[in-house]
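Asker: how would this look folded up:
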Amino acid sequence: MLFKIPNLLTTEELTEMRSRLEKAEFQDGKLTAGWYAQQVKQNQQINAKEARKLSEIIKTALQRHPLVQAAIRPKIIHSILFSRYEVGMAYGRHVDNALMGENGLRSDVSFTVFLNPPEAYNGGELIIEGADDEKAYKLEAGSAIAYPSTTLHRVEPVTQGSRLVAVGWIQSLVRNAAYREILFDLDTARRSIFAQQGKTPEFDLISKSLANLLRQWVD
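Answerer: Presented below is the predicted three-dimensional model:
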């Protein structure tokens, strides 16, 4: 399941993050790429120490967002990188590693948080491939997109300005993407019933099914 998260970051969080990134030292992004992704990755990233400090802002924002909790059910939000794309930089077609970090954390869902406005740069669209098409994403500053880590995707070359993003990965409590979608649909349906009719017998039955499926599918 792929979805946008408008206004993930508050104005204050976004301002603080951009201010700290302006002072940060960037290095070659190939240092964090897998052996084959190094051939297509052209960007810059801040060092791991600086990234850890800023990662907490991203993690807090994701953990408090109701859509993220309902659709992804995060177990661990990990491996957050802060990347800059200058003119001519891009990230070619690739799929994210299944396991990341020293502890081999699983990547079930990938996310990109856009940190500067789309008018600040030309090009730099995130392209996510489907079975028979592909779609381009270039969101407002502070907004994010979450998408399955199993998908092929790329970042188009920046032709003017500078693209600034945070990217990271989530290991879900529910490994199977199809199961996560079923749980999300059930949760959406029961919330709609509750909003319109209150606590009805139908609401109770859907809540029971949701809880019991979660018990069965949680990893």
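Asker: Just give me how far the host helix or strand of His78 sits from the chain centre.
Answerer: Under the criterion of DSSP states H and E, His78 resides in strand 74-85. From the chain centre to the centre of strand 74-85 is a distance of 8 Å (CA atoms, centre = their mean, to the nearest Å).
Asker: do the same with stretch 10-22
Answerer: Centroid separation for stretch 10-22 versus its chain: 18 Å, with CA atoms, centre = their mean.
Asker: Start the count at 691 instead of 1 going forward.
Answerer: Understood, numbering begins at 691; the last thing we discussed is stretch 700-712.
Asker: Show me the contact partners of that stretch.
Answerer: By CB atoms under 8 Å, 6 or more residues apart in numbering, the surrounding residues in contact with stretch 700-712 are 699, 736, 740, 743-744, 747, 751, 772, 774, 805-806, 831-832, 854, 856. The C-beta positions use only the backbone N, C-alpha and C, and glycine is treated the same way.
Asker: Hmm, Tyr869 is touching Val908, no?
Answerer: No: assessed by CB atoms under 8 Å, Tyr869 is found out of contact with Val908, at 9.5 Å.
Asker: So those two - more neighbours on which side?
Answerer: Remark: of Tyr869 and Val908, Tyr869 carries more neighbours, 18 against 14, as counted by other CB atoms under 10 Å.
Asker: what angle sits between the helix or strand following the strand holding His768 and strand 764-775?
Answerer: Sequence order places strand 780-784 as the next helix or strand after strand 764-775, per DSSP H and E. For strand 780-784 against strand 764-775, the angle by axes from the mean of the first three to the mean of the last three CA atoms, to 10 degrees is 140 degrees.
Asker: Listing partners with orientation, what would you give for strand 780-784?
Answerer: Paired neighbours of strand 780-784 in the sheet (DSSP bridges): strand 731-732 (antiparallel), strand 843-845 (antiparallel).
Asker: Quick one: closest of those strands to Ser862.
Answerer: strand 843-845 (18.6 Å; CB to CB).
Asker: Now do the SS call for the residue positioned nearest the centre of the chain.
Answerer: Centroid check for the chain by CA atoms, centre = their mean gives Phe801 as the closest residue, at 1.3 Å. State at Phe801, reduced to three classes by DSSP: H, G, I helix; E, B strand; the rest coil: strand.
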